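Trainee: need a structure here:
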Amino acid sequence: MDSLTIRGAQLAPQWRADFPAEEFVARREKIFDAIGSEGQALLQSAPAPRGYVIFRQTNEFFYCCGLETPQSYLLMNGAERKTALYLARRGEAQLGEGAPPGVEDVDLVKGMTGADGVYGLEKLSEHLADAKLVYTPHAPAGVRATTRHHLLLANQMVAQDPWDGQPSREQRLVSLLRSRFPNMEVRDLTPILDELRSVKSPREIAVMRRAGQLCAHAIREAMRVTRPGILEYQLGSLANYIYLLNGARGEGYRPIIAGGENIWHIHYFLNNCPLKDGDLVLMDVAPECNYYTNDIGRMWPVNGTYATWQRELYGYIVEYHKVVLSRIRPGVTPDQVMDEAAEEMKEVWESWEFSKDIYREGARRTLEFRGHLSHPVGMAVHDDGGYHHRPLVPGTVFAVDPQMWIPEEKLYIRVEDTVVVTDDGIEIFTSGAPLELDDVEALMRNEGTQLPYLLTGSGR
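Mentor: Now for the predicted structure:
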């Protein structure tokens with residue numbers, strides 16, 4: 001969509017072609033079904049940014065309407081099954097910078113979101129006056145490069161600080177609703193949104209497919225340029241360059257780029273050490289593409305050739321990874337997948353050549369660990385909404401992440417891909433990154449055609 005000019009100022013284009021209005025309308029219809037005719041649902045957008053940073057909407061607000069305007073509210077009326085947005089008026093400073101849509105842009109906002117009404121902020125109290133039951137999220141709102149777990153920990157630290165102690169925005173909104181409308185019952189909308197987000201739509205899958213292609217491309221290029229002496233963060237800089245060049249917003253989460261002993265720290269993030277000859281490097285990175293990310297993990301030798309012990313351990317995990325992937329399909333539970341994969345891997349484990357007993361024991365323990373179907377992936381790398389408690393259904397997206405620990409030598413081995421369950425199996429979003437050890441070594445020798453940094457059809 002072209003930018004619009006208002007009173008000589010530029011109105012920033014906010015049209016997200018990946019998600020037209022009918023996508024948001026369909027999502028809200030499911031929310032109406034969940035809250036019933038007696039309920040209303042209220043969502044608060046992200047606040048206005050402080051300083052010269054690019055505004056990023058909350059996951060929950062964007063999921064329900066797609067509007068990237070700060071200090072806004074979304075109200076869904078279950079009785080009427082209608083949606084209203086409440087927006088502020090733009091100031092002159094906003095106009096000078098390229099403003100997001102405001103209350104002045106009724107037709108534009110309706111066209112983008114499928115909302116039935118657009119009002120000023122002052123109307124919200126009036127429209128809530130007769131509400132008896134209102135659902136609003138109680139969990140912290142997701143923003144870029146965050147997960148709910150980390151947001152909850154941060155909120156807890158603030159609450160326990162005797163010199164701070166401020167409630168979260170979600171807690172404050174709940175308190176305001178209860179104080180201003182004493183007869184209103186306020187319930188948590190979070191479980192409803194989590195359940196909806198646990199199964200991705202075809203449009204969501206298309207965006208996540210793109211994110212998977214980009215992070216796999218970044219891993220390939222990082223493998224190709226790895227040499228002893230370069231710094232961990234330099235591989236991350238290359239990855240982020242590829243993301244931005246190809247139309248993503250940058251990193252989807254804090255990258256893990258760990259060489260040698262740093263790998264033992266599972267979520268290592270300093271990324272400031274030189275890579276050493278003879279070590280492995282673990283890289284776990286992904287971009288944010290239109291509010292969605294991915295997840296990938298690969299390990300490769302800094303000098304380009306896997307040592308014997310590296311082939312033993314990483315090679316074993318790669319074999320296990322392929323077995324797990326082959327067992328994922330709709331209609332089975334994650335526990336069934338793990339049981340089937342462990343049973344198939346017993347023969348592999350028995351015949352695999354390990355140079356040390358502690359390696360063989362670590363490989364055996366790996367088959368007992370239940371967390372290899374690791375976590376949902378979507379608008380956050382550890383997304384909200386679960387899948388472990390029921391049979392898998394098409395549209396479920398999660399990380400497959402077999403892991404092995406050898407505590408005697410502080411070795412941590414893993415490989416990771418993001419998959420979506422299809423009607424008859426899975427699609428691996430991140431399959432573009434080499435998995436087989438021989439393929440990795442060949443790429444690091446620069447054999448074959450080198451991919452350009454810019455992927456076909458990239459950008460906006």
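
Trainee: from here on, contacts and neighbour counts on C-alpha atoms
Mentor: Noted.

Trainee: can you pull out the helices in the chain?
Mentor: Taking DSSP state H, the helices of the chain run over residues 21-35, 59-65, 92-97, 106-113, 123-128, 148-160, 169-180, 190-197, 202-225, 232-245, 308-327, 334-351, 357-368, 437-444.

Trainee: Quick one: work out the angle between the last one and helix 202-225.
Mentor: Right, helix 437-444. Going by axes from the mean of the first three to the mean of the last three Cα atoms, to 10 degrees, helix 437-444 is angled at 70 degrees with respect to helix 202-225.

Trainee: If I take helix 437-444 and helix 308-327, what angle do their directions form?
Mentor: Using the same axes, to 10 degrees: helix 437-444 against helix 308-327 is 110 degrees.

Trainee: quick one: pLDDT of residue 10?
Mentor: Note for residue 10: predicted pLDDT of 40.

Trainee: no wait, residue 458
Mentor: Per-residue pLDDT puts residue 458 at 50.

Trainee: just residue 453 next, same as before
Mentor: Residue 453 is assigned a pLDDT of 76 by the prediction.

Trainee: what about it, neighbour count?
Mentor: By other Cα atoms under 10 Å, 17 other residues sit near residue 453.

Trainee: go on, residue 21?
Mentor: Neighbours of residue 21 under the rule other Cα under 10 Å: 20.

Trainee: Check whether it really touches residue 108, as I assumed.
Mentor: No - using Cα atoms under 8 Å, residue 21 is not in contact with residue 108, being 11.1 Å away.

Trainee: right, and the helices of the chain - which one's nearest residue 293?
Mentor: Residue 293 lies closest to helix 202-225 among the helices of the chain, at 5.9 Å (Cα to Cα).

Trainee: what angle sits between that closest one and helix 190-197?
Mentor: Inter-element angle recorded for helix 202-225 and helix 190-197: 70 degrees (by the same axes, to 10 degrees).

Trainee: Show me which positions of helix 202-225 end up buried.
Mentor: 204-205, 207-225 (16 or more other Cα atoms under 10 Å).

Trainee: just stretch 223-234 next, same as before
Mentor: 223-227, 230-234.

Trainee: Could you find the closest non-adjacent residue to residue 201?
Mentor: Among residues not flanking residue 201 along the chain, residue 395 sits closest, at 6.6 Å (Cα to Cα, 6 or more residues apart in numbering).

Trainee: Got phi/psi on that neighbour?
Mentor: As for residue 395, its main-chain torsions (degrees, to the nearest 10) stand at phi 100, psi -10.

Trainee: now swap in residue 393 and tell me
Mentor: According to degrees, to the nearest 10, residue 393 has phi -130, psi 150.

Trainee: Tell me which residues touch the closest residue in space to it that isn't next to it in sequence, please.
Mentor: Nearest non-adjacent residue to residue 393, counting by Cα to Cα, 6+ apart: residue 330, 4.9 Å away. Taking Cα atoms under 8 Å, 6 or more residues apart in numbering, we find residue 330 in contact with 391-394, 421-425.

Trainee: Look at the residue lying closest to residue 422 once chain neighbours are set aside and say how many residues are nearby.
Mentor: Leaving aside its sequence neighbours, residue 422 sits nearest to residue 394 (Cα to Cα, 6+ apart; 4.6 Å). Using other Cα under 10 Å, residue 394 has 18 other residues around it.

Trainee: From residue 314, how far out is residue 394?
Mentor: Distance check for residue 394 against residue 314: by Cα to Cα, to the nearest Å, it reads 30 Å.

Trainee: ditto for residue 65
Mentor: Using Cα to Cα, residue 65 is found at 44 Å from residue 314.

Trainee: Over to residue 409?
Mentor: For residue 409, the distance to residue 314 - Cα to Cα - is 15 Å.

Trainee: more crowded one of the two?
Mentor: Using other Cα under 10 Å as the criterion, residue 409 and residue 314 rank with residue 314 on top: 24 against 11.

Trainee: Let me see the contact set for the more buried one.
Mentor: 299, 413-414.

Trainee: Tell me the predicted confidence for the nearest residue to residue 428 once chain neighbours are set aside.
Mentor: Leaving aside its sequence neighbours, residue 428 sits nearest to residue 419 (Cα to Cα, 6+ apart; 4.4 Å). pLDDT for residue 419: 98.

Trainee: could you check the distance from residue 419 over to residue 328?
Mentor: Counting by Cα to Cα, the gap from residue 419 to residue 328 is 9 Å.

Trainee: ok, now residue 361?
Mentor: Remark: distance between residue 361 and residue 328 (Cα to Cα) = 26 Å.

Trainee: more crowded one of the two?
Mentor: Higher neighbour count among residue 361 and residue 328: residue 328, with 26 against 14, using other Cα under 10 Å.

Trainee: residues contacting that one?
Mentor: Here residue 328 is in contact with 334, 337, 421, 425-426 (Cα under 8 Å, 6+ apart).

Trainee: Wait, residue 378 touches residue 289, no?
Mentor: No - if you go by Cα under 8 Å, residue 378 and residue 289 don't touch, sitting 10.4 Å apart.

Trainee: Look at the two and report which has more neighbours.
Mentor: Counted by other Cα under 10 Å, residue 378 and residue 289 do not tie: residue 378 has more neighbours, with 29 against 25.

Trainee: With adjacent residues omitted, what lies nearest to the more buried one?
Mentor: Spatial nearest neighbour of residue 378, excluding adjacent residues (Cα to Cα, 6+ apart): residue 292 at 5.4 Å.

Trainee: Break this protein into its domains for me.
Mentor: Using automatic domain parsing, the domain ranges for the chain come out as 4-197, 202-444.

Trainee: re the thing from before, who wins on neighbours among the contacts of residue 328?
Mentor: Of those, with other Cα under 10 Å as the count, residue 334 tops at 23 neighbours.

Trainee: mind checking how far that residue is from residue 324?
Mentor: 10 Å.

Trainee: Ok, residue 208 next?
Mentor: 21 Å.

Trainee: ok, now residue 150?
Mentor: Going from residue 150 to residue 324 by Cα to Cα gives 29 Å.

Trainee: So for the two, which residue has more residues nearby?
Mentor: Using other Cα under 10 Å, the more surrounded residue of residue 150 and residue 324 is residue 324, with 23 against 11.

Trainee: who touches the more buried one in this structure?
Mentor: Neighbours of residue 324 in contact, by Cα under 8 Å, 6+ apart: 337-338, 341, 400.

Trainee: Same list, those residues, but as CSV with distance to residue 28 and pLDDT please.
Mentor: Formatted as CSV, the contacts of residue 324 follow (distance: Cα to Cα, whole Å; pLDDT from 0 to 100):
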residue, distance to residue 28, pLDDT
337, 33, 97
338, 35, 97
341, 38, 97
400, 30, 98
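
Trainee: returning to what we had before: tabulate the buried residues of stretch 223-234 (a markdown table), appending distance to residue 27.
Mentor: Formatted as a markdown table, those follow (distance: Cα to Cα, whole Å):
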| residue | distance to residue 27 |
| --- | --- |
| 223 | 40 |
| 224 | 42 |
| 225 | 43 |
| 226 | 44 |
| 227 | 47 |
| 230 | 46 |
| 231 | 44 |
| 232 | 41 |
| 233 | 39 |
| 234 | 40 |
